[in-house]
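In: Provided below are the primary sequence and the corresponding predicted coordinates.
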Amino acid sequence: MSALGEAIAGEEAALYAYGLCGSRLFGADRDRALGGLAAHRARVLQLRDLAGAASIAGTPGGYDIAPPAGEAGARALLADVESRLAATYSDLAAATSGDERTNAALAACECEVRAIGWGGDPEAFPGHPTD
Amino acid sequence: MGNPAPDIRVRMTRRTALALLAGAGLAACTSGGDSVADTSPTVDPDAGTRAEVVAQEWALVALYDAALAAPSGRADELTLLREQHIEHARALGSTPATPTPSASASVPPVPSAQDLAAAEADAARARVNACSRAVEPELARLLALVGASEAGHAAFLKAAFS
């Protein structure tokens, strides 16, 4: 799959994860989840626009992700999804140039900021565990 | 900056970046290009970008050193963030700068968590700019990752120290 296809697939997976986790979060976390959901919706529209008529696989019906057990599990799953998506956007930055690359690098930053917001540990290379 | 200029070896830089990417499960080929680099070290169109980012990474390490010199209940967190900047510099091909006594005169006053967060946010913006300028796609990928890491650092500092 192309880097753009991978980014679209990653965004679709993030939307799915937010849907899965949102109902398990409350208060400020619920607001944070709604903010993340809106950001990912905007990004996936942007990416699909970029892909244009190129053949990009449609949204899968589901994912092999176990529903998170409780709030802590939901936060951990979203931190993981965001951190992995930051790495996917870094791949897209490598595959693009100009404004598209700048957008991809900015999206990687935004994903990692959300990962930290969900309680993820700071990483030297987001989505690439060192050991 | 309080640090002496770290040495930057162009070929090590490429190798290290490629090794990182290979470790991330991406195909990387190092078989070509070595003989070219041997005879003309200026062939790397990204040398200036790399040198600039490496210098900024060591400046961040020095900033954390200054913060860690003051007693803090959060030394573990600050040490973790500091070490990640060393990882960034190494991935870009730099080796740790040796601290020299003469550098102590230019050590900044103890930076606050807000100062560190602001420096990290500036660094993340600079990485995005450097990523846009990178000629080699592998360098663009690395700079995007480093920028994301630093944006995360800024968010972590704001949350943990507010």
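Out: The structure has been received and is ready for your questions.

In: for chain B, which residues are neighbours of chain A?
Out: B:20, B:23-24, B:26, B:80-81, B:83-84, B:87-88, B:91, B:124, B:127-128, B:131-132, B:137-138, B:140-149, B:151-156, B:159 (Cβ under 8 Å from any Cβ of the partner chain). From N, CA and C alone the C-beta is placed, and that goes for glycine too.

In: who's in contact with the closest residue to residue B:121 other than its chain neighbours?
Out: Distance criterion Cβ to Cβ, 6 or more residues apart in numbering or on different chains; nearest residue to residue B:121, sequence neighbours excluded, is residue B:154 at 4.3 Å. Listed by Cβ atoms under 8 Å, 6 or more residues apart in numbering or on different chains, the contact set of residue B:154 reads A:113, B:117-118, B:120-121, B:124.

In: any idea of the mean pLDDT in stretch B:47-56?
Out: Confidence over stretch B:47-56 (mean pLDDT, whole number) is 96.

In: brain fart, stretch A:79-88
Out: Mean pLDDT, stretch A:79-88: 97.

In: go through that stretch and flag the buried ones.
Out: Neighbour counts using 16 or more other Cβ atoms under 10 Å in any protein chain shown place A:79, A:81-88 of stretch A:79-88 among the buried residues.

In: hmm, that stretch in reach of chain B?
Out: Yes. Contact of stretch A:79-88 with chain B is found when judged by Cβ under 8 Å from any Cβ, involving A:86-87.

In: and the furthest pair within the contacts of residue B:154?
Out: Maximum pairwise distance among these (Cβ to Cβ): 14.8 Å, between A:113 and B:118.

In: rewinding a little: out of the buried residues of stretch A:79-88, which sit inside strands?
Out: Under the assignment DSSP state E, the buried residues of stretch A:79-88 contribute nothing to strands.

In: which one of those residues sits closest to residue A:34?
Out: residue A:82 (14.8 Å).

In: nearest spatial neighbour of that closest one, skipping sequence neighbours?
Out: residue A:115 (3.8 Å).
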